[in-house]
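A.B. asks: Here is the input, now give the coordinates:
(2 chains)
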Amino acid sequence: MKPVIGLEVHVELKTKSKMFCGCSADYFGQKPNTHTCPVCLGLPGALPVPNKTAIEWCVMLGMALNCNIPLFSKFDRKNYFYPDLAKGYQISQYDEPFCLAGNIKLDSGKIIGITRVHMEEDTGKLIHETVDEQEVTLIDFNRSGVPLVEIVTEPDFDNAKDVRDYLQKLQQIVRYLGISNADMEKGDMRLEPNISLSSDGKLPNYKVEVKNINSFRFVEKAIDYEIKRQTEILERKEAPVQETRGWNDVKQKTVSQRTKEEASDYRYFPEPDIPPLRWTNEILENFRKQIPELPNAIKDRFIKDYGISEYDAEIITREKESADFFEEAVAIGEKHNINPKSIANYIINKKINAKEALPADLIKTIISSSTYASMDSSKIKKVVAQVLKENPQATEDFKTGKTQALQFLIGKTMAKLKEKIEAKVIIEEINKIIK
Amino acid sequence: MANLNSLTIAQAKEKLKKKEISSTELTKACLDRIKKLQEKLNVFVTITEKEALDRARKADEELKNGSDLPLLGIPIAVKDNFCTMGVRTTASSKVLDDFIPPYESTVTQKLKNAGMVMLGKTNMDAWAHGSSTETSDYGPTLNPWNTKHLPGGSSGGSAAATAADMSIGSIGSETAGSIRQPASWCGVIGLKPTYGRVSRYGVVAMGSSLDSPGPITKSVEDAALILEIIAGHDPMDATTSSLPVPKYTTSIGKSDKKLRIGISKNYLEGVDNKVIKVFEDTKKLFEKLGHTFVELELFNPKYAIDVYTILQRSEVSSNLARYDGIRYGNDRSFFGEEAKRRIMLGTFTLSSGYYDAYYKKAQKVRTIIIKDFDEAFKKVDFILAPTGPTPALVLGASEGQSMFGELADVLVEPSSIAGLTGINLPAGFSNDGLPIGMQLIGPQFSEPGIISIGYEFEKETEFLRERKPNL
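C.D. replies: Reported below is the predicted structural model:
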């Protein structure tokens, strides 16, 4: 029995304004219903005007995922009722999304197909509370209309570990592009795996979707749980039900939410309020130029150009900040004869925070801590011997245990060496000569 | 001197400028007329008397200070589907019975910026679903020419207000016929602009891919004057055109060009004899003015009914989904019969399994209709046709007729589907004294030409304007 797993991921973009209006998209932690206007409240007569930046970012993400970008694309209405949906429909993309047929390469070498990447808007948020001893549901529309990108994969996964690797890669790419913080805790990234089991290598005739998971760990757990659950059903010669389930972390299991019979018909049709979008190859080429070097490419380059290990390269390129930090440090280090390998080691071992540290400071630290290695030890030896000879009184004092005398000798030695060098190296030399 | 409320916008502007009258006098004259006729005709859903008088007083101050805003101090009636900040906007549906918009539609904002004195909000078919103003949740509006008859719709209130001199001019909106048809039944000018020429922002949505706000006025010049103010690209409406707005008023009196006018026999099929007679008279008049007629074979307008019905119902079913009972006070049980019918039909045509057979097919036929007009406008400058197959029908005619509107609008639906511009010109009367209108249809953005030839025709038919409804 082989698991067949596909993934839908929603990523909230960090544009300044919302998808279809001028309201601030930075809603996290804000007072409810303060980031709203007639458009994102869906008031009668209000109309959506698409956010250019959000669309560009969506296309750039598609490019980063090796997608085809069709020259024609459009928005559609996805009609369904829910109290958090102000207009009674969500503006999304149906049959002509911005990006199609891409892929992502996992560390294992496996290639995962990306079916599509499309643009849509987020919904409001329901808050269940007790007000005046009454249980009520309140609606906060601050999130309504925040741009969302949905990335859908082919059913190419067969294990939870690969899914996790995929998610980390996707998160990394999104962060490299600077289009989302992809902060799981804030709900910037929402994950929906669909899982089924195949006995004959073909696509099964059912699938179980686990909705709205907000942690990579939970996705792994939910997938493993589903594989176990569905295996048991199939072993009993029963057919698993096509359904939507949710992950319950307290019970450590998935629970049924909706079966196929209750599935909605979204009555998609082209959004008449937004004209279709037509790209030219020039515009797309311009977007392509704006895409920074991506983690996989940087990793390969670091290994090739700087001779660091794959393991080190992987860690250093996990975040764009640390990759940039490393490269800057390498450039400065070159002038001081410090090799990239030791810089990488230092960053990884000392857990340098690239967001706070400065590359130049890092190099200074490495120089001061590694002078012994780079400075001729015979030279140190010679200078120490000379200092001891020139200062017999202090040497004697030190022999009788006066620590102040030691400080004096170290100072003299350093002055003669004309370079800052770790005191313990000098102490070692002094001890060697005296003993 | 005639009553002030019967002035056109251009006449009123002239008198205000010369300080012969004040905006307050003009506004009061309109309000008096409204008070006199509201009970009889039921033209307004909301009358904003106090706001109007306040604005008029301010306008008089501004006039004194030499301001020359294009609509300063002119009393205008606005259809009740335009959101007006702080003034109840119902779209004549009880679902929005106490909805007071916290924002202003682009059209009314532009009119306010131009100095308009808003008299109130006019009655319409609920949600603009209809061509009679009989489906209003606030009762039908009656035709000023004969109160046993309907004013047409959905902008029936705005057309009646203009025809009955309750306002100096009015604002309506057309999805397919809702400006031209009531203008025709009420004997006034109704200009339906090209789709995308005037912003839909803040207009309670009906058929989003068709809705076009426009003026309903006593003269072609007034229509040009209002269009000049309300047309143009709107950053709040992604479907508005960025083409520059011509100075439409300069098209007035510029009609030395001899034009080719198309007529299509299938636009006369099933048309009332009284209307045919006026059509023939109109044709003769245009010929006398030196224009030539070209016979066309346009795509039969009856197919436009099917296309329009499917597309518009589909959009309606989605546009009305937001009135789910959570906000706006009244829940879905407040929807009238017509809205419910449209929601059900639109939901059906968009359903999975039926989408291709209905919505998608309708879109394809829409493309055929657009191409058909494109071809026609290679041969002619404009197309002349009756605005509707009959003069105003009697009260109750729409009841039990779910396709009433579509039949009444058969001759305006093809051009609406194609997003074209068109104008209703009062062209004659039936023997029983009901106005009959003819429409000129032009290519997209041909408003200057439409205005020019419309004005030329209007000058030749001044005698029609000597007749007034007996109220």
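A.B. asks: The nearest residue to B:Phe445 once chain neighbours are set aside sits in which helix or strand?
C.D. replies: Excluding its sequence neighbours, the residue lying closest to B:Phe445 (CB to CB, 6 or more residues apart in numbering or on different chains) is B:Thr194, at 5.2 Å. From N, CA and C alone the C-beta is placed, and that goes for glycine too. No secondary structure element spans B:Thr194, as it lies outside all helices and strands (assigned by DSSP states H and E).
A.B. asks: my read: B:Thr194 touches B:Ser212, true?
C.D. replies: Yes - under the contact definition of CB atoms under 8 Å, B:Thr194 touches B:Ser212, with a separation of 7.4 Å.
A.B. asks: which one of the two has more residues nearby?
C.D. replies: More neighbours sit around B:Ser212 than around the other of B:Thr194 and B:Ser212, counting by other CB atoms under 10 Å in any protein chain shown; the figures are 27 against 23.
A.B. asks: So which bits of the stretch 151-300 of chain A are right by chain B?
C.D. replies: Of all the residues in the stretch 151-300 of chain A, those in contact range of chain B (CB under 8 Å from any CB of the partner chain) are A:265, A:267-269, A:272-275.
A.B. asks: Just give me the longest helix of chain A.
C.D. replies: Ranked by residue count, the top helix of chain A under DSSP state H comes out as helix A:216-235.
A.B. asks: Can you give me the buried ones in that one?
C.D. replies: By neighbour count with 16 or more other CB atoms under 10 Å in any protein chain shown, helix A:216-235 contains the buried residues A:216, A:218-223, A:225-227, A:229-230, A:234.
A.B. asks: Ok, stretch A:36-56 next?
C.D. replies: Neighbour count says stretch A:36-56 has A:36-51, A:54-56 buried, by 16+ other CB under 10 Å.
A.B. asks: could you point out which element follows the longest helix of chain A?
C.D. replies: Taking DSSP H and E as the definition, the helix or strand right after helix A:216-235 is strand A:243-248.
A.B. asks: any idea of the angle that following strand forms with helix A:216-235?
C.D. replies: In this structure, strand A:243-248 runs at an angle of 130 degrees to helix A:216-235, with axes from the mean of the first three to the mean of the last three CA atoms, to 10 degrees as the basis.
A.B. asks: Parallel or antiparallel, list what pairs with the helix or strand following strand A:243-248.
C.D. replies: Following the chain from strand A:243-248 toward its C-terminal end, the next helix or strand by DSSP H and E is strand A:253-259. Strand A:253-259 has its sheet partners listed here by DSSP bridges as strand A:243-248 (antiparallel).
A.B. asks: Count the neighbours of the residue in chain A positioned nearest to chain B for me.
C.D. replies: Among the residues of chain A, A:Gly88 lies closest to chain B, at 2.5 Å counting by CB to the nearest CB. A:Gly88: 19 surrounding residues under other CB under 10 Å.
A.B. asks: again with B:Phe293
C.D. replies: A total of 15 residues lie near B:Phe293 under the criterion other CB under 10 Å.
A.B. asks: do B:Thr367 as well
C.D. replies: The tally of other residues near B:Thr367 (other CB under 10 Å) stands at 13.
A.B. asks: Per-residue pLDDT of it, please?
C.D. replies: B:Thr367 carries a pLDDT value of 94.
A.B. asks: Please confirm that it is located within a helix.
C.D. replies: Yes - looking at B:Thr367 with DSSP: H, G, I helix; E, B strand; the rest coil, it is inside a helix.
A.B. asks: Let me see the confidence value for B:Pro414.
C.D. replies: We have a pLDDT of 92 for B:Pro414.
A.B. asks: Please disregard the earlier target; I meant A:Met375.
C.D. replies: 60.
A.B. asks: got it, and the one 4 residues further on?
C.D. replies: As summarised for this prediction, A:Lys379 has a pLDDT of 77.
A.B. asks: Pull the number of nearby residues for residue 140.
C.D. replies: Picked chain A for this. Other residues lying near A:Asp140 total 19 when counted by other CB under 10 Å.
A.B. asks: hm, I was asking about chain B
C.D. replies: Burial measure for B:Pro140: 21 neighbouring residues, criterion other CB under 10 Å.
A.B. asks: what's near enough to touch it?
C.D. replies: Each residue near B:Pro140 by CB atoms under 8 Å, 6 or more residues apart in numbering or on different chains is listed here: B:42, B:132-134, B:150, B:156, B:395.
A.B. asks: and A:Tyr94, what is it in contact with?
C.D. replies: By CB under 8 Å, 6+ apart, the contact list for A:Tyr94 reads A:76, A:78, A:268.
A.B. asks: Highest neighbour count among those residues?
C.D. replies: Neighbour-wise, those (other CB under 10 Å) top out at A:Asp76, 23 neighbours.
A.B. asks: shouldn't that one be in contact with A:Gln90?
C.D. replies: No - A:Asp76 sits out of contact with A:Gln90 when judged by CB under 8 Å, with a separation of 9.5 Å.
A.B. asks: which stretches of the chain have low pLDDT?
C.D. replies: All of this refers to chain A. Per-residue confidence of chain A (counting by pLDDT under 70) places the weak regions at A:260-264, A:338, A:350, A:354, A:369-377, A:418-420, A:422.
A.B. asks: looking at chain B here, not the other one
C.D. replies: B:1-2, B:255, B:400-407.
A.B. asks: In it, what residue lies closest to chain A?
C.D. replies: Across chain B, no residue is closer to chain A than B:Ala321, which sits at 2.5 Å (CB to the nearest CB).
A.B. asks: quick one, what contacts the residue of chain A closest to chain B?
C.D. replies: When contacts are taken as CB under 8 Å, 6+ apart, A:Gly88 is in contact with A:42, A:79-81, B:318, B:320-324.
A.B. asks: List buried members of the residues you listed by neighbour count.
C.D. replies: In terms of neighbour count (16+ other CB under 10 Å), the buried residues within these are A:42, A:79, B:318, B:320-324.
A.B. asks: Would you check which pair of those residues lies furthest apart?
C.D. replies: Within the buried ones among the contacts of A:Gly88, two members stand farthest from each other by CB to CB: A:Asn79 and B:Tyr323, at 13.7 Å.
A.B. asks: Could you list every helix and strand in contact with the helix or strand that B:Glu62 is a member of?
C.D. replies: The secondary structure element spanning B:Glu62 is helix B:49-64 (assigned by DSSP H and E). When contacts are defined as 3 or more CB pairs under 8 Å, 6 or more residues apart in numbering or on different chains; DSSP states H and E, helix B:49-64 packs onto helix B:23-41, strand B:117-122.
A.B. asks: Switch those over to JSON lines; also include mean neighbour count.
C.D. replies: Conversion of the helices and strands packed on helix B:49-64 to JSON lines gives the following (neighbours: other CB atoms under 10 Å in any protein chain shown):
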{"stretch": "helix B:23-41", "mean neighbour count": "20"}
{"stretch": "strand B:117-122", "mean neighbour count": "28"}
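A.B. asks: Tabulate those (a markdown table), appending distance to B:Ile276.
C.D. replies: Output for these, formatted as a markdown table (distance: least, CB to CB, whole Å):
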| stretch | distance to B:Ile276 |
| --- | --- |
| helix B:23-41 | 29 |
| strand B:117-122 | 31 |
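A.B. asks: Number of residues surrounding B:Met344?
C.D. replies: Residues within reach of B:Met344, counting by other CB under 10 Å, total 12.
A.B. asks: List the residues that contact residue 275.
C.D. replies: Reading this off chain A. If you count contacts by CB under 8 Å, 6+ apart, A:Pro275 has them with B:238-239.
A.B. asks: Actually, chain B is the one I wanted.
C.D. replies: B:386, B:388-391, B:436.
A.B. asks: Give me the distance between it and B:Lys218.
C.D. replies: Using CB to CB, to the nearest Å, one gets 22 Å for the distance from B:Val275 to B:Lys218.
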